[in-house]
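Student: Dropping the sequence and predicted coords here.
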Amino acid sequence: MNETSVGVVEQSCAVPFRLRTGRPEFCLVSLNGDSRWDFPRGRISMGESRHSAALHRAQEMAGLNCKIAVDAPLDEFSASKVDEAQHITAFLISAQDEDVTSSPNSHRRRWCFAEEAKV
């Protein structure tokens, strides 16, 4: 696990998109049985780059094969849970193809337009 100063957990967030009829659609994921939707994200493994972690989260959580669309982070922000502080770096990634049979690891996948993707 990668941690910054004073126990802040580093996470990488994937913001996957594809173009449909000339408009970008974004992919959100949710655990089965959970009503909350979010972009795929998770901890950065030791020695893993932020870019690589974002691509791995898109594959693991949404079943998407992607490439980084823009090298610079889309955004960086802090968040907290009851037991940990998080520093999250988000990357815009382009979905190249997807596993249409199911999303791995019990996650549901949903594509939506920007106005629908308020998280």
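Tutor: Done, it's in.
Student: List the beta-bridge partners for Glu76.
Tutor: Following DSSP bridges, Glu76 is listed with bridge partners Thr89.
Student: ok, now which ones touch it?
Tutor: Counting by Cβ atoms under 8 Å, 6 or more residues apart in numbering, Glu76 makes contact with 87-90. Where you see a C-beta, it was placed from the backbone N, CA and C, and this is true even at glycine.
Student: From those residues, pick the one nearest Gly63.
Tutor: Nearest to Gly63 among the contacts of Glu76: Ala90, at 19.5 Å, using Cβ to Cβ.
Student: Can you tell me the closest non-neighbouring residue to the closest one?
Tutor: Once flanking residues are discounted, Ala90 sits nearest to Cys13: 4.0 Å by Cβ to Cβ, 6 or more residues apart in numbering.
Student: per-residue pLDDT, that neighbour?
Tutor: Per-residue pLDDT puts Cys13 at 96.
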